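*Asks:* structure for the following, please:
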Amino acid sequence: MTDEINKAADDAAAAVHDAAVETGALVTTAAEETTDATQEAGTSFKDGATNFAKQAADKARDLASDGKARAGDALDEVSRLMGTAADTVDQKLGENYGQYARSAADGIASFSESLKAKEIDDLVADVQGFVRKSPAVAIGIAAALGFVVARLVKAGMDGGEAKADEAKSGPDDSVDA
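*Replies:* Prediction:
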């Protein structure tokens, strides 16, 4: 009977050993699969982020190109208007003052053409160089532009409120007797 107990104990010990080895192999396989899945997820996330960044950069470049074209057109219009106004200034104030207006119009037209001729990357490089060279002036310009934008937004909001108030009250219902 002792032999049977020893044999059963040996069998149990062997079964426990085999189960431990099999469990270890399963844990190792699961760990490897988890590592692979984590690496794939990381790679997928990295690829997605890179793709998103590229799309955002492309969209920003498209918007900047559109803005550059609009700014060039607006500057051309300002130049044309100043050139037209120079003739009126000639008549009312004299040719010297008209020449100042023409000179300003020519300067604006020249700036417009140089703006249209440059690529977005060149413009960004120019702005970065200007900011590095004259940070105080750049901060002043940024503050002035911020002030102008804030005023434009506030004016737009005030105009919208006035229209809303007018729509709520409707036409004047008072009757004069």
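*Asks:* alpha carbons only: can I get stretch 13-22 in CSV?
*Replies:* Extracted C-alpha coordinates of stretch 13-22, given in CSV (Å, rounded to 0.1, in the frame of the first residue of the first chain):
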residue,chain,number,x,y,z
ALA,A,13,3.9,15.5,-8.4
ALA,A,14,4.5,14.7,-12.1
ALA,A,15,1.1,16.0,-13.0
VAL,A,16,1.6,19.2,-11.0
HIS,A,17,5.0,19.6,-12.6
ASP,A,18,3.6,19.1,-16.1
ALA,A,19,0.7,21.5,-15.3
ALA,A,20,3.2,24.1,-14.0
VAL,A,21,5.4,23.8,-17.2
GLU,A,22,2.3,24.0,-19.4
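*Asks:* off-centre distance for that stretch?
*Replies:* Here the centre of stretch 13-22 is set off from its chain's centre by 61 Å, with C-alpha atoms, centre = their mean, to the nearest Å.
*Asks:* now do stretch 107-125
*Replies:* 21 Å.
*Asks:* rounded mean pLDDT for it, please.
*Replies:* Per-residue pLDDT over stretch 107-125 has a mean of 88.
*Asks:* start to end distance for it?
*Replies:* When the termini of stretch 107-125 are compared using C-alpha to C-alpha, to the nearest Å, they are 22 Å apart.
*Asks:* what is the burial count for residue 105?
*Replies:* 19 (other C-beta atoms under 10 Å). All C-beta atoms are positioned from the backbone trio N, CA, C, and that covers glycine.
*Asks:* with residue 131 as the reference, measure out to it.
*Replies:* Distance, residue 105 to residue 131, by C-beta to C-beta, to the nearest Å: 28 Å.
*Asks:* same deal with residue 139?
*Replies:* 9 Å.
*Asks:* of the two, who's got more company?
*Replies:* It is residue 131, of residue 139 and residue 131, that has more neighbours when counted by other C-beta under 10 Å, with 14 against 11.
*Asks:* sec struct for that one, please.
*Replies:* helix (DSSP: H, G, I helix; E, B strand; the rest coil).
*Asks:* give me every residue that touches it.
*Replies:* Residues in contact with residue 131 (C-beta atoms under 8 Å, 6 or more residues apart in numbering) are residue 138.
*Asks:* tell me how far it lies from residue 138.
*Replies:* 4 Å.
*Asks:* and for residue 126?
*Replies:* 12 Å.
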